[in-house]
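**Student:** coords below, sequence missing:
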Ligand code: NI
Ligand code: MN
């Protein structure tokens with residue numbers, strides 16, 4: 001599995017398919033990719049906020065790829081001429097040998113027109129004995145311990161920027177609960193309100209024995 005960080009919470013996962021998570025590109029100051037340059041097989045969304053749904057509609061209309069999203073958000077996207085697959089928290093689905101489980105996130109959500117978007121979520125992606133956790137936008141919650149026990153997480157991507165999500169200090173507590181092989185920080189330094197030094201997060205989790213890797217936008221790792 002290749003995990004390519006695109007800045008903020010956007011990720012391109014390469015398994016047997018190219019799976020794009022939260023493709024926020026056009027208005028993302030950290031991302032220099034254009035939505036016309038990607039050819040995903042599927043898009044999966046953690047929630048409907050603009051910095052996550054991003055360029056989803058444009059990409060999905062052009063490529064014809066399916067968008068996997070919470071049931072209510074999925075219905076909205078379908079009304080916009082996009083092929084969709086609706087899910088809800090606790091559910092799982094398979095995209096070409098990648099098993100994706102929907103887990104809770106403590107956060108709000110809405111559709112771009114302001115209508116109800118259902119719950120916000122995170123994803124556990126399992127492919128060829130490797131497990132990747134994308135937490136979405138979330139506060140710290142103790143059931144992260146259960147997520148860590150139920151899945152042997154190789155890489156966890158956690159928001160650290162504060163204001164809209166947990167901050168570096170709470171994200172370090174999340175890392176201890178999840179106990180992943182490696183943590184990658186996300187959702188920071190995109191805007192002034194999420195300004196944060198990722199080295200602070202790294203030193204906090206290193207002190208408790210969890211590895212940290214800061215990925216610059218465009219950088220990737222293979223697990
Ligand atoms: Ni959000
Ligand atoms: Mn966000």
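**Tutor:** That came through fine. All figures in this text were calculated on a predicted structure; none of them were measured in a lab. Ligands and ions are numbered 1, 2, ... in the order given.

**Student:** so where do the strands sit in the chain?
**Tutor:** 2-7, 10-14, 18-21, 42-44, 66-70, 84-87, 92-95, 98-104, 121-127, 130-134, 155-159, 182-186, 211-212, 220-222 (DSSP state E).

**Student:** Please name whichever of those is nearest to ligand 1.
**Tutor:** strand 155-159 (9.1 Å; Cβ to the ion). Using the backbone N, CA and C atoms, a C-beta is placed for each residue, glycine as well.

**Student:** Residue 195: how many residues sit nearby?
**Tutor:** 12 (other Cβ atoms under 10 Å).

**Student:** From what I see, it and residue 161 are in contact.
**Tutor:** Yes: with contacts counted by Cβ atoms under 8 Å, residue 195 reaches residue 161, the gap being 7.2 Å.

**Student:** Give the residues shared as contacts by these two.
**Tutor:** Shared contacts of residue 195 and residue 161, defined by Cβ atoms under 8 Å, 6 or more residues apart in numbering, comprise 188, 189.

**Student:** Around ligand 1, pick out the residues from this structure.
**Tutor:** 49, 137 (Cβ under 5 Å from the ion).

**Student:** near ligand 2, which residues of the chain show up?
**Tutor:** For the chain, the residues in contact with ligand 2 (Cβ under 5 Å from the ion) are 51, 137.

**Student:** quick one, helices of the chain?
**Tutor:** Using DSSP state H, the helices found in the chain span residues 50-53, 56-63, 71-79, 144-150, 168-178, 198-207.

**Student:** mind listing what's buried in the shortest one?
**Tutor:** Of the residues in helix 50-53, those buried by neighbour count under the rule 16 or more other Cβ atoms under 10 Å are 51, 52, 53.

**Student:** from the residues you listed, which is closest to residue 67?
**Tutor:** residue 53 (9.1 Å; Cβ to Cβ).

**Student:** Surely the closest one is in contact with residue 45?
**Tutor:** Yes: between residue 53 and residue 45 there is a contact at 6.1 Å, judged by Cβ under 8 Å.
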